[in-house]
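Peer 1: I need the structure of the sequence given here:
(one chain, ligands or ions: 2)
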Amino acid sequence: MNQYLSFSKEVLAAKEEGKAIVALESTIISHGMPYPQNVQTAREVEQIIRDHGACPATIALIDGQIKIGLSDEELEMFGNSKNVAKVSRRDMGYILATKQLGATTVAATMIAAELAGISVFVTGGIGGVHRGAETSMDISADLEELAMTDVAVVCAGAKSILDLGLTLEYLETKGVPVYGYQTDYLPSFFSRTSPFALQYNIQNPEELAKALKAKWDLGLHGGALVANPIPEEYSMDEAYINAAIDQALKEADEKGIVGKEITPFLLGKIKDITDGKSLAANIALVKNNARVGAQLAVSYQKL
Ligand code: PSU
Ligand code: MN
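Peer 2: Ligands and ions are numbered 1, 2, ... in the order given. Here you go, the predicted model:
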């Protein structure tokens, strides 16, 4: 096993029993939600995964190790720390070498999950092609990771801080399947739909698991995206949320925010503009993804 990996007791026991394991990212904890909602949500998400027969493995960089599963104390410490580095593929080596606290993005969590032998990963939303990327070239490393690393990512689509059409084009070029979960259209995080039709509408976790197995059995490396719409009762009015997103984008532009700061900046602004209403939606969709991800991991383990 890789010398940088460190498994929690719970994950180690699950591995020994051959139990399904679901990876969880930590950028959503440190840069996506405020304390204490971040820690409380992370705990509840982990419990949903247990309740559906799988073992949660929250991934973070602590003291020069890639933690695969956090203890309750580690989760509390991590969620309550300022100065946690946002770690994507680019940042992993340096943050491990300098033993800084690091929050893993979708890309870094996929890398860690693959090293740890975990095939299913649950998050809220992925990074993608930003609006205006034709001049800024701001394309999240999450997309390249989906192109090469064998992990299925369950998400609620992507926020329209991104250019959803270009994000789908990029995924198509890279050969990344996007499976709508009981939907014909790409969900847009806060809303159940978007104008972008998907190729596949998959009805249950067993079918999803079989599609993943066939892809990987063929030696077709890379991930897959499972796009699971936010539950109806939590979905936000599209005009309202899009106005908030436009205002946040305008402020980011005026302040000249670029690079890895842009996504956390926009997420924070949207929360402020909506008086925290976006946070409740965010929590609900992550929990919904945890349920589907656990069911998928259990189905995949049986194949
Ligand atoms: N989008 C969200 N919420 C998030 C993120 C994206 O709606 O928390 C986080 C994820 O960790 C994702 C990262 O991997 O931001 C992408 O950052 P960037 O665009 O800098 O690659
Ligand atoms: Mn970026």
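
Peer 1: near ligand 1, which residues of this structure are found?
Peer 2: For the chain, the residues in contact with ligand 1 (Cβ under 6 Å from any ligand atom) are 25, 27-28, 32, 88, 105-106, 124-127, 140-142, 159, 189, 260, 263, 267. Every C-beta, even on glycine, is put in place using the N, C-alpha and C of the backbone.

Peer 1: just the ones of the residues you listed in helices?
Peer 2: If you go by DSSP state H, the residues of the chain next to ligand 1 have Thr27, Val106, Ala141, Asp142, Thr263, Leu267 in helices.

Peer 1: with adjacent residues omitted, what lies nearest to the fifth one?
Peer 2: If I follow you right, that is Thr263. Ranked by Cβ to Cβ, 6 or more residues apart in numbering and with sequence neighbours excluded, the top spatial neighbour of Thr263 is Gly127, at 6.2 Å.

Peer 1: so who does the one you found touch?
Peer 2: By Cβ atoms under 8 Å, 6 or more residues apart in numbering, Gly127 lies in contact with Thr105, Val106, Ala107, Ser140, Ala141, Asp142, Leu143, Ala158, Leu162, Thr263.

Peer 1: in PyMOL, how would I select the buried members of these?
Peer 2: Restricted to buried positions by 16 or more other Cβ atoms under 10 Å, the PyMOL selection for the contacts of Gly127 reads:
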select buried, resi 105+106+107+140+141+142+143+158+162+263
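
Peer 1: would you reformat the contacts of Gly127 as TSV and include distance to Ala209?
Peer 2: Listed next are those as TSV, based on distance: Cβ to Cβ, whole Å:
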residue	distance to Ala209
Thr105	25
Val106	21
Ala107	23
Ser140	26
Ala141	27
Asp142	22
Leu143	23
Ala158	23
Leu162	28
Thr263	30
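
Peer 1: what residues of the lengthiest helix in the chain count as buried?
Peer 2: If you go by DSSP H, the chain has its longest helix at helix 277-302. Residues of helix 277-302 classed as buried: 277-279, 281-301 (neighbour count, 16+ other Cβ under 10 Å).

Peer 1: if we can go back for a sec, switch the ones in helices among the residues of the chain next to ligand 1 over to a markdown table; also include distance to Val45 and pLDDT.
Peer 2: Converted to a markdown table, these look like this (distance: Cβ to Cβ, whole Å; pLDDT from 0 to 100):
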| residue | distance to Val45 | pLDDT |
| --- | --- | --- |
| Thr27 | 14 | 95 |
| Val106 | 15 | 98 |
| Ala141 | 23 | 98 |
| Asp142 | 19 | 98 |
| Thr263 | 20 | 91 |
| Leu267 | 17 | 91 |
